[in-house]
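J.: coords please:
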Amino acid sequence: MTVAFIAKVRDARFPGGLPRARFFRRIAADVVCSLREALRMRHLLFSIMVLLGVTAGCVESKDTRGGVPSAASQPEPRLDALFSHPAPDSIPGGQRGEQIRLGYEIVVHTQQFAAPYVGNRLTCANCHLDAGLDPNSSSFVGLSRAYPEYHARTGRVVTLADRINECFERNLNGKAIPQDSHKLQAVVAYIEWLSKDVPSGSRMAWRGIPRIQAPKPPDATNGAKVFTSRCAFCHGADGQGTMAAPAVWGPQSYNIGAEMARIPVAASFIKSNMPRTRGWALSDQDAYDVATYLNSQPRPDFPDKGNDWPKGGKPVDAPY
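T.: Numbers count the residues shown, from 1 in each chain. Purely as a prediction, here's the structure:
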């Protein structure tokens, strides 16, 4: 634009001679002002177009989606957390560190450190393998980030301490630890320490046990055969446990109120963790068959089972 203007000035005829230099400075200033005004106008028009486009988009979102909020107004999706647990040397010093270490001992040596609250020969680590570090067996890593949460089985919001006590009452066939007990708070502290690197509100793909489906209806007869050939060496031919592995039925095992008493849960645990250190060795069908066989055997009752699922939603595979 400036070049074209200068060309016109060169071709023009000026009576009385060429203008002085200040004339051209005034012309250049006028050109700059004109350019600024044009740019301002363009910016103004562009802003108006953007505003109209946004307005039209909002109107379209409201009209065509029946008033559903646009994606921008939706809450941000939770991110998938990476499975990562802290190193032992990151345990803090002082009383908190001692509390965390006691929690670990209770999880691993439950019979020794929490004997008054246990009613069988199991430990917490029999289900939460490697002291809660194994991502295939209801790991403790990140667990404290999920509580408090609503629990359909109890029909109320429960705390992490409540959930720990459920395990003592059901899986360990024992009784709840008092809420003000230093032992209960120690287990909570241990799980909180294991969870410290997991962001709040994130999704934990490893929570619980990886679920499987039975290709065919479970067969307890085949389950007995698989148990004899693959499981009895550690758990005993009578299922009452050995020095290597715990009892899987009978008075020293979990009661019917435990999660493991549900065949799909037991099958998923067996599939991903058994034989020990060689998980995923059984087929999905064999895992279901073994779980069906185990849970068809006698085991302790759970006296409070009548209070479970007070608001409905009882799973079809619940054993009572």
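J.: tell me the centre residue of the protein?
T.: To find the centre residue of the chain, average its C-alpha atoms and take the closest one (C-alpha atoms, centre = their mean): that gives residue 204, at 2.2 Å.
J.: With adjacent residues omitted, what lies nearest to that one?
T.: Closest residue in space to residue 204, ignoring its immediate chain neighbours: residue 142 at 4.6 Å, by C-beta to C-beta, 6 or more residues apart in numbering. C-beta here means a position set from N, CA and C on the backbone, and glycine is covered the same way.
J.: Just give the number of residues close to that neighbour.
T.: By other C-beta atoms under 10 Å, the residues close to residue 142 number 26.
J.: show me where pLDDT drops low in the protein?
T.: By pLDDT under 70, the low-scoring segments of the chain are 1-78.
J.: Which parts of it are strands?
T.: 149-151, 156-158 (DSSP state E).
J.: gap between the first one and the chain center?
T.: What it means is strand 149-151. In terms of C-alpha atoms, centre = their mean, to the nearest Å, the centre of strand 149-151 is found 14 Å from the chain centre.
J.: ok so, going back, dump the residue contacts of the residue nearest to residue 204.
T.: The neighbourhood of residue 142, defined by C-beta atoms under 8 Å, 6 or more residues apart in numbering, consists of 81, 83, 194, 195, 198, 202, 204, 206, 207.
J.: which ones are touching the residue nearest to the centre of the chain?
T.: Contact partners of residue 204, counting by C-beta under 8 Å, 6+ apart, are 81, 83, 141, 142, 145, 146, 198.
J.: returning to that earlier point: nearest to residue 220, of the strands of the chain?
T.: For the strands of the chain, distance to residue 220 was read as C-beta to C-beta. The smallest value, 30.2 Å, belongs to strand 149-151.
J.: what packs against that closest one?
T.: Other elements packing on strand 149-151 under the criterion 3 or more C-beta pairs under 8 Å, 6 or more residues apart in numbering; DSSP states H and E are strand 156-158.
J.: partners of the strand it packs on in the sheet?
T.: strand 149-151 (antiparallel) (DSSP bridges).
J.: For residue 199, give me its contacts.
T.: Taking C-beta under 8 Å, 6+ apart as the definition of contact, the neighbours of residue 199 are 79, 81, 145.
J.: now the nearest residue to the second one once chain neighbours are set aside: how far from residue 230?
T.: With C-beta to C-beta, 6+ apart as the measure, residue 202 is the residue that lies nearest to residue 81, at 3.9 Å, once sequence neighbours are left out. Distance, residue 202 to residue 230, using C-beta to C-beta, to the nearest Å: 37 Å.
J.: Same question for residue 314.
T.: Note on residue 314: its distance to residue 230, by C-beta to C-beta, is 32 Å.
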